[in-house]
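*Asks:* Have a look at this prediction, sequence included:
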Amino acid sequence: MEGYLSLEEQELKLRTRKMNYLLFMLSRKRILSLILLTAMILSCSDDESPVVPPESTDIETEEDTTTDTETENVSITLDFARVYGGSEDDTFHDVAATSDGGFIALGYSQSIDGDITDNANQVNMYWLVKTDSEGNIQWSKTYGGTNDDRGEEVIQTSDGGYAMTGYSRSSDGDVSNNEGFQDHWVVKLDAQGEIEWEKSYGFPGSDQAFSIIQTTDGGYFTSGFLDVTASNGDGNDFAAPGNNNTRTTLHGVGEFWGHKLDANGNKEWRRYFGGTNNDRAYATVQADDGGILMVGASESNDFDISDPKGSYDFWAVRLDASGNLVWERSFGGSEIDIAFAATKTADGNYIIAGDTRSNDGDVTEFNGNADVWVIKINDQGTLLWEKTLGGTNFDSARAVVATTNGIAITGSSRSNDIDVTSNSGQNDIWIALLDDNGNLQDQRAIGGDGIDFGLGIAANNQGDIIIAGETQSNTGELTSSNGSLDAVLIKIN
């Protein structure tokens, strides 16, 4: 098992549903509609989606004294857009602002040339780049072994160093062990990028980590998913005898899987949650009481999922500080809705971002194909508000950050209408600035003639926003001059 549906598999599933409908419509002699709908299907792009639901279908609204802002006159100022990499495929999946005013970006690289100076194997390795405030490389390092290792998220730690996570297939080089196909691999570094410790967690199947936070006790929490079938049900520790007794039952396919680690990477406890289908955690936030919120997508409708909405849902899982389940919520409609990112707001609530293909349930507006979907929930899992953004083509949010002025998201867009005022080719990196009530303030598409994705976002104390991602373009503001796929950093203010 390789986790849940790939982009292509999701699109195939969507296309199959639509084709069944088309055959029915054909019998009603709606030939013109058939032609038009078929053209829409063939234009489908590579974008995903999951969501999470509240305790009831009623939305507990916050007072909104603002109105939606027209975005024809975009005020986002581009400071720089830089491309990094070598002659092979290179990408950044995350970025963080650092205490010295610079940035740290994590992804993975296959290159052995260009900006990559210490990879001799031409296989994917974690790739970490430290830059100054203008994106100039201060140092670049790779980590891993001789197999496939992919970095997903990086944070600066309280001691000035860094911690990063992702998944690894190696059992040599920097990776001390591997339990099977892919393992969660957590690495702690000093301020110069030298390894202080590294840990692998996994079983014989495909186990992938996507998120890491430093907890208030100085330890860490990582989340991703577990191939629970391959683990034969292993992967859970119990806080007390008889507690969480559903954990003793074998679930199916993939589960949300979280690890609480101490300051040296030693496991304190681990938990998995989900049902008999695909459930995957992409983001983690620590609550004000020391507990944990894991966010991602669920395809299941049993075991831990109490109120599924549709095919895939945003799914939020709230734990206490000991790993016990406090509540879980699904949000979305009857189609595919996927949450990729989450952040905590100053009021102790949470913003969750991803994309939706639904036009019902919790989704009150739909522009077409796939839209960016942003929701705000409180610490009890109640939906406070939800917003759809984008145009009539495929749009997705992959990262979100709370700023001093509201919320910033990044992802990708193929649209050139409604909320999106330009498109340079295929997928552009899309940046949207929202106020605290989710109203669109500014937006900008950045890209070229190829496929470009925004995958990570961070904000610093100076009001700058930095976006990490990848480009395949050879024209426009992004030029993939090194290889077929290059990493990107974009700074706006």
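*Replies:* That came through fine.
*Asks:* CA only for contacts and neighbour counts going forward, please
*Replies:* Fine.
*Asks:* Provide the secondary structure category for T229.
*Replies:* helix (DSSP: H, G, I helix; E, B strand; the rest coil).
*Asks:* correct me, but G173 touches T146?
*Replies:* Yes - here G173 reaches T146: they are 7.1 Å apart, a contact under CA atoms under 8 Å.
*Asks:* Which residue, other than its chain neighbours, is closest to E386?
*Replies:* Ranked by CA to CA, 6 or more residues apart in numbering and with sequence neighbours excluded, the top spatial neighbour of E386 is I375, at 4.2 Å.
*Asks:* what about that neighbour, distance to Q286?
*Replies:* 18 Å (CA to CA, to the nearest Å).
*Asks:* Then T356?
*Replies:* From T356 to Q286 the distance is 25 Å (CA to CA).
*Asks:* What pairs with the strand or helix carrying I466, parallel or antiparallel?
*Replies:* Here I466, judged by DSSP states H and E, is contained in strand 465-471. Sheet pairing of strand 465-471 (DSSP bridges) gives strand 452-459 (antiparallel), strand 486-492 (antiparallel).
*Asks:* still on that earlier bit, of T356 and Q286, which one has the most company?
*Replies:* Ranked by neighbour count (other CA atoms under 10 Å), T356 and Q286 place T356 first, with 37 against 21.
*Asks:* Need the nearest residue in space to the more buried one, chain neighbours excluded.
*Replies:* Per CA to CA, 6+ apart, closest to T356 is D337, 4.3 Å.
*Asks:* Over to I446?
*Replies:* Take I446 and drop its neighbours on the chain: the residue closest to it by CA to CA, 6+ apart is I429, 5.2 Å away.
*Asks:* Tell me the helix or strand right after the host helix or strand of the one you found.
*Replies:* In this structure, I429 sits in strand 428-434 according to DSSP H and E. Per DSSP H and E, the first helix or strand lying C-terminal to strand 428-434 is strand 440-446.
*Asks:* Tell me the strands beside that next one, with direction?
*Replies:* Applying DSSP bridges to the sheet, strand 440-446 is found paired with strand 428-434 (antiparallel).
*Asks:* Just give me how far the strand it pairs with sits from the chain centre.
*Replies:* Taking CA atoms, centre = their mean, to the nearest Å, one finds strand 428-434 lying 15 Å from the centre of the chain it belongs to.
*Asks:* swap in stretch 436-456?
*Replies:* Taking the mean of its C-alpha atoms, stretch 436-456 sits 15 Å from the chain's own mean (CA atoms, centre = their mean).
*Asks:* Ends of that stretch, what's the gap?
*Replies:* OK, stretch 436-456 end separation, CA to CA: 20 Å.
*Asks:* hey, which helix or strand in the chain has the poorest pLDDT?
*Replies:* helix 31-42 (a mean of 35; mean pLDDT, DSSP states H and E).
*Asks:* Show me the helices in the stretch 1-150 of the chain, by range?
*Replies:* In the stretch 1-150 of the chain, the helices defined using DSSP state H, counting those that start in this stretch lie at 7-26, 31-42.
*Asks:* low pLDDT regions in the stretch 51-200 of the chain?
*Replies:* With pLDDT under 70 as the threshold, the stretch 51-200 of the chain has low-confidence stretches at 51-74.
*Asks:* who touches the residue nearest to I446 in this structure?
*Replies:* Going by CA atoms under 8 Å, 6 or more residues apart in numbering, I429 touches T410, G411, S412, S413, A445, I446, G447, D452, F453, G454.
*Asks:* quick one, what contacts the fourth one?
*Replies:* When contacts are counted by CA under 8 Å, 6+ apart, S413 is found next to G390, N393, F394, D395, S396, V420, N423, N427, D428, I429, W430, A445.
*Asks:* and what of the second one?
*Replies:* For G411, the contacting residues are D395, S396, A397, R398, A399, I429, W430, I431, F453, G454, L455, taking CA under 8 Å, 6+ apart as the criterion.
*Asks:* That one pairs with what?
*Replies:* Note on G411: beta-bridge partners A397, W430, judged by DSSP bridges.
*Asks:* Run a quick neighbour tally on D289.
*Replies:* D289, neighbours per other CA under 10 Å, totals 11.
*Asks:* Same question for S75.
*Replies:* 12.
*Asks:* Grab the nearest non-local neighbour of it.
*Replies:* Counting by CA to CA, 6+ apart, the nearest residue to S75 once its immediate chain neighbours are dropped is D442, at 6.5 Å.
*Asks:* Identify the bridge partners of that neighbour.
*Replies:* Per DSSP bridges, the residues bridged to D442 are L433.
*Asks:* how close does it get to G193?
*Replies:* 36 Å.
*Asks:* next one: S298
*Replies:* The gap separating S298 from G193 is 35 Å, by CA to CA.
*Asks:* Compare these two and say which is more crowded by neighbours.
*Replies:* Per other CA under 10 Å, whichever of S298 and G193 has more neighbours is S298, with 37 against 19.
*Asks:* Just to check, the more buried one is in contact with D313?
*Replies:* Yes - at 5.3 Å, S298 counts as touching D313 under the criterion of CA under 8 Å.
*Asks:* how close does the residue sitting nearest the centre point of the chain sit to G252?
*Replies:* The centre of the chain sits closest to F340, judged by CA atoms, centre = their mean, with a distance of 3.3 Å. Separation of F340 from G252 (CA to CA): 21 Å.
*Asks:* now swap in S311 and tell me
*Replies:* Noted for S311: a distance of 16 Å to G252, by CA to CA.
*Asks:* Of the two, give the one with the bigger neighbour count.
*Replies:* Higher neighbour count among S311 and G252: G252, with 21 against 17, using other CA under 10 Å.
*Asks:* Need the nearest residue in space to the more buried one, chain neighbours excluded.
*Replies:* Excluding the flanking residues, the one nearest G252 by CA to CA, 6+ apart is T276, at 3.9 Å.
*Asks:* cool, and N124?
*Replies:* Q110 (4.5 Å).
*Asks:* Can you mark which positions in stretch 474-491 are buried?
*Replies:* Neighbour counts using 16 or more other CA atoms under 10 Å place 478-491 of stretch 474-491 among the buried residues.
*Asks:* That one: end-to-end distance?
*Replies:* Start-to-end span of stretch 474-491 (CA to CA) is 20 Å.
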